[in-house]
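[1] Turn this into a model:
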Amino acid sequence: MRISNKFFTIIFLLIPLTWAGSFIAGKYVVADISPVESTVLRFFLSALVMIPGLIFFRRRTHLNFSDKKLIWHLLVVVLTAGIGYHIFFFWALEYSSPTNTALIIALNPFFTAFGEIIFFKKARPLRFYGGFLLAFSGAVWVNISRGGMIDFSALGLGELFCLIAALLWSIYSIFAKMTKKDEWDSLWINAYNYLFTALVLLPFISAGFYAGMFNSISASAWNGIFYMAVFPTAIGYTLYYIGVQRKGPAWASTFIYLVPSFTAVLDHLYFSAQLTLPFIGGTVLVVTGLAAGNISRNQLKNLWNSK
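    Below you'll find the model as predicted:
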């Protein structure tokens with residue numbers, strides 16, 4: 001049964017909330033587990049959550065692996081959204097705070113929109129470019145403003161890894177839209193993405209990790225892994241993939257705008273991160289730039305309507 005666009009949009013609003021929680025959960029996870037090990041555990045659990053249900057409820061829509069285009073589609077999705085994005089995501093959290101990471105990742109909608117300009121020849125108004133510069137300036141300001149003081153040495157590996165992760169996610173969004181066939185079931189594609197990502201990375205886990213896995217990993221890290229496997233991954237990423245197919249990469253990416261605000265509040269609650277004036281000012285610049293650059297008046301009026 002087809003879900004109405006209005007109802008689909010309301011459900012889509014849950015995605016930035018679950019993704020904001022992943023920045024907090026990820027901070028607990030990287031304290032005990034390496035990025036590769038974190039990604040493997042997260043995606044194996046996601047696959048275990050999805051595949052049994054799909055076998056039971058959607059067996060008839062299973063993918064045809066004799067289709068070479070499907071194999072190519074899955075390969076790039078695994079390399080970009082599965083392996084590439086998440087390795088750099090966890091690396092970023094090792095060197096930067098959840099709030100800073102979320103702010104950089106929030107620039108992804110602009111990267112995605114630039115991709116639509118290049119690959120889909122979709123024209124963008126002048127306000128788009130102005131909004132990009134404003135949002136990017138705000139993200140830089142937040143990252144060099146720590147504790148109310150300006151520290152230009154604060155920009156480092158964490159922020160670089162965030163930018164790479166955002167670019168990889170944009171590549172995934174554009175590629176998924178360009179190559180997806182209507183007959184390929186989105187739920188199965190995402191389930192296999194999670195499974196294949198974990199399998200590809202499995203050989204890179206040290207033997208010592210298995211031996212001491214249940215002794216060296218804290219309860220908070222396990223809770224973080226389970227949260228990330230179910231909510232932002234099995235639910236959030238799957239809904240995002242479906243949104244890309246139904247509404248387009250730019251529309252789906254628009255909801256990432258809400259992630260920094262949610263993450264900042266959670267960062268304050270869980271890690272007592274200070275909401276300083278420089279941070280607030282930078283956040284206002286990011287949100288203002290993102291909104292001005294990508295959301296028109298007509299889009300706001302038609303947010304609940306089908307295009």
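
[2] What ranges does the stretch 1-150 of the chain have for its helices?
    Taking DSSP state H, counting those that start in this stretch, the helices of the stretch 1-150 of the chain run over residues 5-12, 14-30, 35-57, 68-77, 85-95, 98-105, 108-119, 126-144.

[3] Can you tell me which of those is nearest to Gly243?
    helix 5-12 (5.8 Å; Cβ to Cβ). For the C-beta atoms, the positions are set from N, CA and C on the backbone; glycine is no exception.

[4] Looking at the closest one now, give me its mean pLDDT.
    Average pLDDT, helix 5-12: 71.

[5] again with stretch 253-271
    80.

[6] what distance separates it from the middle of the whole chain?
    Centre-to-centre, stretch 253-271 and its host chain are 12 Å apart (Cα atoms, centre = their mean, to the nearest Å).

[7] Could you identify which of the helices of the stretch 1-150 of the chain is most buried?
    helix 98-105 (a mean of 27; mean count of other Cβ atoms under 10 Å).

[8] what residues does that one touch?
    For helix 98-105, the surrounding residues in contact (Cβ atoms under 8 Å, 6 or more residues apart in numbering) are 20, 23-24, 26-27, 89, 92-93, 138-139, 142-143, 158-159, 162-163, 165-166, 169, 256, 259-260, 263-264, 266-267, 271, 273, 279, 282-283, 286.

[9] Mind doing that once more with 6 Å?
    Around helix 98-105, the neighbours that count as contacts under Cβ atoms under 6 Å, 6 or more residues apart in numbering are 23-24, 27, 92-93, 139, 142-143, 159, 162, 166, 259-260, 263-264, 267, 273, 286.

[10] Low-confidence stretches in the stretch 1-150 of the chain?
    Counting by pLDDT under 70, the stretch 1-150 of the chain contains low-confidence residues at 1-7, 142-150.

[11] circling back: a markdown table please, covering the helices of the stretch 1-150 of the chain and showing distance to Thr179.
    A markdown table is the format used below for those (distance: least, Cβ to Cβ, whole Å):
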| stretch | distance to Thr179 |
| --- | --- |
| helix 5-12 | 22 |
| helix 14-30 | 22 |
| helix 35-57 | 21 |
| helix 68-77 | 5 |
| helix 85-95 | 17 |
| helix 98-105 | 24 |
| helix 108-119 | 11 |
| helix 126-144 | 25 |
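
[12] what's the closest of those to Tyr227?
    Taking Cβ to Cβ, helix 14-30 is the member of those nearest to Tyr227, at 4.6 Å.

[13] With only the CA atoms kept, save the closest one in CSV.
    Coordinates of each C-alpha in helix 14-30 appear next as CSV, following Å, rounded to 0.1, in the frame of the first residue of the first chain:
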residue,chain,number,x,y,z
LEU,A,14,12.2,11.2,12.5
ILE,A,15,15.4,10.6,10.5
PRO,A,16,17.3,13.7,11.7
LEU,A,17,16.4,12.8,15.3
THR,A,18,17.7,9.3,15.0
TRP,A,19,20.8,10.5,13.2
ALA,A,20,21.5,13.1,15.9
GLY,A,21,21.4,10.3,18.4
SER,A,22,24.0,8.4,16.4
PHE,A,23,26.6,11.1,17.0
ILE,A,24,26.1,10.7,20.7
ALA,A,25,26.0,6.9,20.6
GLY,A,26,29.1,6.9,18.3
LYS,A,27,31.1,8.9,20.8
TYR,A,28,30.5,6.2,23.4
VAL,A,29,31.3,3.5,20.8
VAL,A,30,34.7,4.9,19.6
